[in-house]
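**Q** give me a 3D structure for the following:
(chains A and B)
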Number of protein chains: 2
Amino acid sequence: MSKLSKAELKVLKIGGSVITDKNGELAPRTGEIARLTKEIQESNVKRLIIVHGGGSFGHPPAEKYAIKDGFKEDSQKIGFSETHHVMTMLNGLLMDSLIWHEVPAVSVTPSSCIITESGRIKHFEDSAIRALLNMDFIPVLYGDAVVDSKLGFTILSGDQLVSTLAMRLNAERIIFGVDVDGIYDADPKIEKTAKLFKHLNREELERLQSKFCKPTVRDVTGGMFGKIVELLPAVESGIPVTIMNATKPGNICRVLEGKPVQGTIVGKD
Amino acid sequence: MSKLSKAELKVLKIGGSVITDKNGELAPRTGEIARLTKEIQESNVKRLIIVHGGGSFGHPPAEKYAIKDGFKEDSQKIGFSETHHVMTMLNGLLMDSLIWHEVPAVSVTPSSCIITESGRIKHFEDSAIRALLNMDFIPVLYGDAVVDSKLGFTILSGDQLVSTLAMRLNAERIIFGVDVDGIYDADPKIEKTAKLFKHLNREELERLQSKFCKPTVRDVTGGMFGKIVELLPAVESGIPVTIMNATKPGNICRVLEGKPVQGTIVGKD
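**A** Now for the predicted structure:
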């Protein structure tokens, strides 16, 4: 623990839409996984935690069996098993590629060390993660189906995990690698004049949120708001979040090297 | 926790030699995995924990990089990553088949919730396992490369895990599924008159051990002694161990149903 200084650790979130095809089912983007892991290798980054999303692996069974809502009937049980299992499969593809590229990465299974209460992380045994970081391993976690002390079970999003890990381990920065360039003032896929924010503070973010996040208008700004909400506690505690496009070759390598990339930085002030 | 009564829980160890070809590398016996998981389904067993070995997945990288001896040089690090990763791969094959057979099994990653000290389990966060059992899920664990507070890292054998889990969770019985029929008074592959012990108590086992386990004579009784030593604490605490042949069709189903099978029962008295 003593080696973990705030100036060092980065938490990298890789969106499920980056490493899987969300229109498919169990559809990995193996080419993208290979490219990303090569960029992580080339960046020669040392103090890093990776968290990835579920994409077309975790989301379909989680929705089909309503795992997030908790245990209601026995027929959901096999769905819980399946949701966790397909996430370990997606994680396995990423680990395979990281290790192939000689990145000393070690998967840490959220459901084996975390219990939530009504969907929020309540108990988190992070000793293994701390020990791995101290030995300069790169722990890799993911959104997972987990045990919940109130609901029986639920879904723990990779986003909540990112925020919690960053705060617990005094991360210097959160890097949020998604399939868009950052946060826009309108949907860039519809409005060609949509403007990318280079920097947003909490206040500006909340103003945007109340403007765009109406019940009938979802994800108009590039689908980032739901995710950002989970990161606000980390932002509030002083950890800036860089939202950037991980599908653009070279971006992840550059950001891990500490070089500037196009994107939106969400900071406290 | 209250639901866990001693009369109910079984801990099933599936040897690495049962589900992999030990002469190969990363060589699963997929037919055997399918048969075993079907037998587990057919037994309709409720309160069960499964632990499996590494066979031709975990053992080759663990030996190549001397992971058991602990961290000595940086070149071992990728070996630690690899050993853990290939174990998750083997586990994934078993989980895939269990879930395909609609067994509500959930993998629990030892290295995510256990830290050893000089090779012995020191810290074990078992809340998720207890909660899963209370919901009638079947937790599945395996021998793994783990963090060690003295050695940096080491190998945690599935056998130590079986013994620890059985004692912590007050198991009624340990079932040790291997590729031989039990413990013999000589190597049955060499001596055709070798006799299978139906029952051994601790004293008889120790006498046999001193007779057979000389430095120059290894595994002469069917290769069981090294494994049995790990189970002795559980036996001492009153949990009997049934050593039986999991490669014989029907055996696992029968033993999980509580029916008699050929094998050696190791008990306290």
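
**Q** three-state assignment of residue A:164?
**A** Put simply, residue A:164 is helix when judged by DSSP: H, G, I helix; E, B strand; the rest coil.

**Q** quick check: it vs chain B, distance?
**A** Look at residue A:164 and chain B: by Cβ to the nearest Cβ, to the nearest Å, they are 15 Å apart. In this view, the C-beta of every residue, glycine as well, is placed from N, C-alpha and C.

**Q** one more: residue A:247?
**A** Distance of residue A:247 to chain B, computed by Cβ to the nearest Cβ: 25 Å.

**Q** can you pull the contacts of that residue?
**A** Going by Cβ atoms under 8 Å, 6 or more residues apart in numbering or on different chains, residue A:247 touches A:18, A:32, A:179.

**Q** want to throw those residues into JSON lines with pLDDT and distance to residue A:79?
**A** Shown next, in JSON lines, are the contacts of residue A:247 (pLDDT from 0 to 100; distance: Cβ to Cβ, whole Å):
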{"residue": "A:18", "pLDDT": "96", "distance to residue A:79": "25"}
{"residue": "A:32", "pLDDT": "98", "distance to residue A:79": "27"}
{"residue": "A:179", "pLDDT": "92", "distance to residue A:79": "27"}
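
**Q** can you pick the most crowded of the residues you listed?
**A** residue A:18 (22 neighbours; other Cβ atoms under 10 Å in any protein chain shown).

**Q** list the contacts of residue A:153.
**A** Neighbour list for residue A:153: A:67, A:70, A:71, A:80, A:145, A:146, A:147, B:135 [criterion: Cβ under 8 Å, 6+ apart].

**Q** dig out what it forms beta bridges with.
**A** Counting by DSSP bridges, residue A:153 is bridged to residue A:147.

**Q** which elements pack onto the helix or strand of chain A with the lowest mean pLDDT?
**A** Sorting the helices and strands of chain A by mean pLDDT, DSSP states H and E puts helix A:202-212 at the bottom, at a mean of 79. Contacts defined by 3 or more Cβ pairs under 8 Å, 6 or more residues apart in numbering or on different chains; DSSP states H and E place helix A:202-212 against helix A:225-236.

**Q** can you give me the offset of the helix it packs on from its chain's centre?
**A** Centroid separation between helix A:225-236 and its chain, computed with Cα atoms, centre = their mean, to the nearest Å, is 11 Å.

**Q** in that helix, which residues are buried?
**A** A:225, A:227, A:228, A:230, A:231, A:232, A:234, A:235 (16 or more other Cβ atoms under 10 Å in any protein chain shown).

**Q** quick check: next helix or strand after that helix?
**A** Moving toward the C-terminus from helix A:225-236, the next helix or strand (DSSP states H and E) is strand A:241-245.

**Q** so how far is that following strand off the chain centroid?
**A** 11 Å.

**Q** and stretch A:163-179, what's buried?
**A** Judged by neighbour count using 16+ other Cβ under 10 Å, the buried positions of stretch A:163-179 are A:163-167, A:169-179.

**Q** ok, the residues you listed vs residue B:104, which is closest?
**A** Proximity of these to residue B:104 (Cβ to Cβ) peaks at residue A:164, which lies at 27.6 Å.

**Q** contacts only, for that closest one.
**A** Residue A:164 touches A:121, A:124, counting by Cβ under 8 Å, 6+ apart.

**Q** per-residue pLDDT, it?
**A** The model reports residue A:164 with a pLDDT of 98.
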